[in-house]
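>>> coordinates for the following, if possible.
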Amino acid sequence: MAQGAPAEAPSAEKADAASPPAAADLLFEHPQMKNTQVGSTLTYDYLRRSGIAKGPFGPPLNDTIKLTLEPGKTADARTIRVQMFSGQNRFPAGPFEDMPGNPVMTLFLEHHLMALAKVLEANPRYIKNAIRKGLRDDATVTPTKVSFQGREVDGWRVEIKPFANDKLADRMRGMANMTYTFVTSPAVPGELVSIEAQSKNAEGGELLEERLSYDQKAG
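Residues are numbered from 1 along each chain as shown. The predicted structure is shown next:
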């Protein structure tokens, strides 16, 4: 994530008058932490489940990721302590020093690609690069509305299908149609509203659903 403070992405309400922001900039270069309060905790609900026979992704996992925010060196940055899952699911992560961006984006994707690479017996770097390329070259970015604290606020929806035209798509166990959807809003602390990675087979069966969503009630 970038450590500087780039210009703010245009708000969704201005979408008719301006081009949408670049997906990678919106998700990984924009200073999402500047609208958070020092001393607060951001909580994200996490779910992963799969209907693939013999359960290569393991049993369903429903847990939380918590980010505790401490002061950074600048007004827009935070030092972030991470609790990634709980109990036996606990996964080491962080801390992140002086971060202007929201590290939960990277935490979700890194955890996702490790599991996906294991199931596909693929190189994690190959999958990571495909997602990066998708965000850079083939993302669809559209304005959207987000329900937050009892009102509708402006946001952005980013969607990519990074493996749809991949030369190795036939090795993906039917998951070459994997769709990644990101929703952000500058009105939400940390700006991330949700991330979802989803793939279904031709009959509509769930090969993988993995998602992360900001818990408004928890903070």
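
>>> low-confidence regions, this protein specifically.
Residues of the chain meeting the criterion pLDDT under 70: 1-18, 219.

>>> and the helices in it?
With DSSP state H as the criterion, the chain has helices at 23-24, 104-120, 124-137.

>>> can you redo those as a markdown table with mean neighbour count and distance to residue 204?
Using the backbone N, CA and C atoms, a C-beta is placed for each residue, glycine as well. Converted to a markdown table, the helices of the chain look like this (neighbours: other CB atoms under 10 Å; distance: least, CB to CB, whole Å):
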| stretch | mean neighbour count | distance to residue 204 |
| --- | --- | --- |
| helix 23-24 | 19 | 27 |
| helix 104-120 | 19 | 20 |
| helix 124-137 | 16 | 23 |
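
>>> now tabulate the ones you listed in a markdown table and tack on distance to residue 89.
Formatted as a markdown table, those follow (distance: least, CB to CB, whole Å):
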| stretch | distance to residue 89 |
| --- | --- |
| helix 23-24 | 29 |
| helix 104-120 | 11 |
| helix 124-137 | 20 |
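
>>> the ones you listed: which one's closest to residue 75?
Among those, the nearest to residue 75 by CB to CB is helix 104-120 (20.7 Å).

>>> could you tell me the angle between the closest one and helix 124-137?
Orientation of helix 104-120 against helix 124-137 (axes from the mean of the first three to the mean of the last three CA atoms, to 10 degrees) gives an angle of 130 degrees.

>>> got the contact list for helix 104-120?
Applying CB atoms under 8 Å, 6 or more residues apart in numbering, the contact partners of helix 104-120 are 1, 27-28, 42, 44, 46, 48, 52, 56-57, 65, 67, 82, 84, 91, 93, 122-124, 126-128, 131, 171-173, 175, 182, 190, 192, 195, 197, 208, 210, 212.

>>> again, but for stretch 42-58
36, 60-67, 69, 85, 104, 108, 115, 118-119, 173, 189-190, 192, 205-215, 218-219.

>>> and stretch 127-141, how far out from the chain middle?
Mean-position distance between stretch 127-141 and its chain equals 13 Å (CA atoms, centre = their mean, to the nearest Å).

>>> same deal with stretch 42-61?
16 Å.

>>> buried set for that stretch?
Neighbour counts over stretch 42-61 (16 or more other CB atoms under 10 Å) mark 42-44, 46, 48-50, 52, 57 as buried.

>>> now swap in stretch 174-184 and tell me
Buried residues in stretch 174-184 (16+ other CB under 10 Å): 174-178, 180, 182-184.
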